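Colleague: For reference, the sequence and a predicted model appear below.
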Amino acid sequence: MKKFLLLGLLALTGNYAFSQCGACTINTGCTISPAAPQLCPAALPDGTVGEAYDQDATFYMPAVFSTSGIDVTLNQITVTNITGIPQGLSFACSAPNCIYFPSQNPPATERGCVKICGVPVVPGQYNVVVSVVAQVSTPLGPVTQPESFTIPLRINPPAGGNASFSFNPPGGCDSVCVTFEALIQDPVKPTTWNWTFDNGNTSTLKNPAVQCFNTPGEHFITLETKTFDYVLQSVTFTATTNQWCGDVEEIEFFGVCQGAPDIYFDYSNGSDAFTTNWVGNNTTATFNNLNRVLQTPTFALTFWDDDDISQNDNLGTFATNVTGTGTINFTTPHGFGSVVISSQVAQSFTDTDTIFVYTPPAAPLVTNATSLDSICTGDSIILVSSLATGYQWYNDTTLITGAENDTLIVTETGNYWVRINDTNGCINNNQSNATPLVVINYPPTVGLFYTNNGGTINTTTISPQFSYQWFYSQVPNSGGLPVPGQTNTNITPTLNGYYYLVVYNLLGCASYSDTVNFVKNGLSDVLSSVTDLNIYPNPSNGQFTVAMGLNGNENTAIIVRNVLGQTVLNMDLGKQTGKFVRVIDSALPKGMYIVEVARQGGSVTTKLVIE
């Protein structure tokens, strides 16, 4: 049946906050072949403190599937309890009251979904524990199977940042490695970044390499961001054709131009425009100390020859898109030249932020309140953790469902330790506080037989690891007293009455024999008259079977008494002989009882537990 119980996928459902979560959407592609319960997705994604969490999960619940070679029908799944939900999150399932009926109308009823939503407020590693009850039909009959499931969910601390840069995570436990990103970058103008990390590293990249901080405490990060304007510093232009020649101002005589051009230029950049003064009577003109801040990277220069009377002569236009500082050479139809571009700081921003590295919580001190490292089956010890937060107990590597308090009651062999989770989300998984425990079984069933013509009672339970004590009482069900000196595997009674044997192992765990009614010179008749007495099941729910061998055709009765010695059931069977089997539906309340088989000359008793 365990495969069917993979319906721990329902561990994400609950009817606890329907008003906070909207409807979920079923993923109709959630399936698996051969048919078996399936969760889609297989694991919940991490959440982040302060950020909205909204996740749909679909679960596939096949109406019929095979487990351990047996075909079963899944009739109903009920989610009965949910614990360990991160604070700030709510869960809502698609079925009313979180009761699902997969076999009601398949395939429509074979899928359901859940929405997990909210804003988590405390970081940490959570264990969402869900209890469900499944009702299935098998070839052996109906089965109701309770089970609990643990699904881990990680809630991360919020990402850090400021106006200049972001970083994630903002801190960690013991050590942390952080990713950084600068947030300021002009889409047009040059931008520079100068990072200073207090781990000794620096960077000039927008996205520096991952930085690790390996000591607990506060770690400071500073980023200086600068944006720059391009500046037009100087322009040089040389006229190479006679475009400027032939005017009144520069006449041509016998094919030779007289004089030289008077060069100037028009400047255009966005909404900024100006005209320089002319440089007179020279084919090369240089314009220095312009200090013109570019509004945009693209500007244009149109060069002219200035004439006082004639129309000015156009010597060509140069346009460019600036991508860096330095000298830019150019040509026009009537000349060539160069421009010098520099830069200056336009804006500067400096921000400092902090990475927090937390000291992990110290391993809590676990004390054994009983000071025992070994106990008998059915006994227990109590483990107590020192003051901490976020307890989760483990047995070796196995999480103990629901063990989230500072105390743990232990009844099974194992190696027990507690993990703690503090308010910073730091975990201590150190198992150095583990407490070992060994559970020792009781000695096996104590059987009795007689020798010496019925005068000696012996036990079949013999081992050098055991010790023995015989007990005697004059009346049945009175507990009796230890018989002085009778600490061997046999006893030869001197008094008529009720005898039983207690067998102890090295730890003192005790097993009890059935009680025999010893009648001097008659015990052999009793022991040989009733053989192989067996009551099953034991413990039972009130209905049990008595099976035994009866030698001799004698009047026989089955008498049941409570711990007070009161007769609560008396069945007169008349004369019986041979193999005897009888189912008794007693309807007795829960408790321990003594069952006596009474025959001629004595009786044999045994214990019965009804749960």
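Modeller: Looks like it arrived, so ask away. What you are looking at is a predicted structure, and each value in this text was computed from that prediction instead of being measured.
Colleague: rest of the way, CA atoms for contacts and neighbours
Modeller: OK.
Colleague: Identify the bridge partners of the most centrally placed residue in the chain.
Modeller: Compute the mean C-alpha point of the chain, and by Cα atoms, centre = their mean the closest residue is Pro152, 1.7 Å away. The partner list for Pro152 in beta bridges (DSSP bridges) reads Asn127.
Colleague: Surely it and Tyr126 touch.
Modeller: Yes: using Cα atoms under 8 Å, Pro152 is in contact with Tyr126, at 5.7 Å.
Colleague: the helices in this structure, which residues?
Modeller: 523-529 (DSSP state H).
Colleague: so where's it uncertain?
Modeller: 1-20, 149, 254-255, 450-454, 520-528, 563-565, 601-603 (pLDDT under 70).
Colleague: State the distance from the residue nearest to Thr545 when sequence neighbours are not counted to Leu383.
Modeller: Take Thr545 and drop its neighbours on the chain: the residue closest to it by Cα to Cα, 6 or more residues apart in numbering is Val583, 4.3 Å away. With the distance defined as Cα to Cα, to the nearest Å, Val583 ends up 44 Å from Leu383.
Colleague: Would you mind telling me which of those two has the busier surroundings?
Modeller: Leu383 (20 against 12; other Cα atoms under 10 Å).
Colleague: The more buried one bridge partners, please.
Modeller: Asn368, Leu408.
Colleague: how does this protein divide into domains?
Modeller: Domain assignment for the chain, taken from automatic domain parsing, gives 4-156, 159-359, 363-429, 441-519, 522-611.
Colleague: Using JSON lines, please lay out the ones you listed together with distance to Thr435.
Modeller: As requested, the domains of the chain are exported to JSON lines (distance: least, Cα to Cα, whole Å):
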{"stretch": "domain 4-156", "distance to Thr435": "23"}
{"stretch": "domain 159-359", "distance to Thr435": "25"}
{"stretch": "domain 363-429", "distance to Thr435": "5"}
{"stretch": "domain 441-519", "distance to Thr435": "19"}
{"stretch": "domain 522-611", "distance to Thr435": "32"}
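Colleague: Walking through the stretch 101-250 of the chain, point out its strands one by one.
Modeller: Taking DSSP state E, counting those that start in this stretch, the strands of the stretch 101-250 of the chain run over residues 111-118, 124-138, 141-156, 160-161, 165-168, 171-173, 176-182, 191-197, 202-203, 211-213, 217-239.
Colleague: which one of those lies closest to Pro364?
Modeller: Ranking the strands of the stretch 101-250 of the chain by proximity to Pro364 (Cα to Cα) places strand 171-173 first, at 16.9 Å.
Colleague: Parallel or antiparallel, which strands does that closest one pair with?
Modeller: Counting by DSSP bridges, the strands paired with strand 171-173 are strand 335-358 (parallel).
Colleague: Quick check: bridge partners of Ser234?
Modeller: Counting by DSSP bridges, Ser234 is bridged to Val340.
Colleague: Correct me if wrong: it contacts Ala285.
Modeller: No: taking contacts as Cα under 8 Å, Ser234 lies outside contact range of Ala285: 10.8 Å.
Colleague: and the nearest residue to Pro106 once chain neighbours are set aside, how many neighbours does it have?
Modeller: Leaving aside its chain neighbours, Pro106 sits nearest to Ala63 (6.8 Å; criterion: Cα to Cα, 6+ apart). The number of residues packed near Ala63 is 24, by other Cα under 10 Å.
Colleague: Name all residues that make contact with Ala63.
Modeller: Thr73, Leu74, Asn75, Pro102, Ser103, Pro106, Glu110 (Cα atoms under 8 Å, 6 or more residues apart in numbering).
Colleague: between the residues you listed, which is closest to Asn430?
Modeller: Nearest to Asn430 among those, with distances taken as Cα to Cα, is Leu74, at 41.5 Å.
Colleague: what sits against the closest one?
Modeller: Applying Cα under 8 Å, 6+ apart, the residues near Leu74 are Met61, Pro62, Ala63, Val64, Phe101, Pro102, Ser103, Ala134, Gln135, Val136, Ser137.
Colleague: and what of Gln125?
Modeller: Applying Cα under 8 Å, 6+ apart, the residues near Gln125 are Pro152, Leu153, Arg154, Ile155, Asn421, Gly425.
Colleague: follow-up on the earlier one: neighbour-wise, give me the winner out of the contacts of Leu74.
Modeller: If you rank those by neighbour count (other Cα under 10 Å), Met61 sits at the top with 33 neighbours.
Colleague: Against Leu588, how distant is it?
Modeller: Using Cα to Cα, Met61 is found at 40 Å from Leu588.
Colleague: With Arg599 instead?
Modeller: 24 Å.
Colleague: Between these two, which has more neighbouring residues?
Modeller: Per other Cα under 10 Å, whichever of Arg599 and Leu588 has more neighbours is Arg599, with 23 against 15.
Colleague: and the spatially closest residue to the more buried one that is not a sequence neighbour, how many neighbours?
Modeller: Once flanking residues are discounted, Arg599 sits nearest to Thr556: 4.9 Å by Cα to Cα, 6+ apart. If you count neighbours by other Cα under 10 Å, Thr556 ends up with 19.
Colleague: which residues does Thr556 contact?
Modeller: Contacts of Thr556 (Cα under 8 Å, 6+ apart): Asp572, Leu573, Gly574, Lys575, Gln576, Val597, Ala598, Arg599, Gln600.
Colleague: Of these - the most surrounded one?
Modeller: Counting neighbours by other Cα under 10 Å, Arg599 leads the contacts of Thr556 with 23 neighbours.
Colleague: Any idea what it is bridged to?
Modeller: Under the criterion used (DSSP bridges), Arg599 bridges to Gly602.
Colleague: if I look at it, how far off is Ala35?
Modeller: 59 Å.
Colleague: Thr492 too?
Modeller: Per Cα to Cα, Thr492 is found 66 Å from Ala35.
Colleague: repeat for Gly390
Modeller: Gly390 is 38 Å from Ala35, by Cα to Cα.
Colleague: out of the two, which sits in the busier spot?
Modeller: Taking other Cα under 10 Å, Gly390 and Ala35 do not tie; Gly390 has more neighbours (18 against 15).
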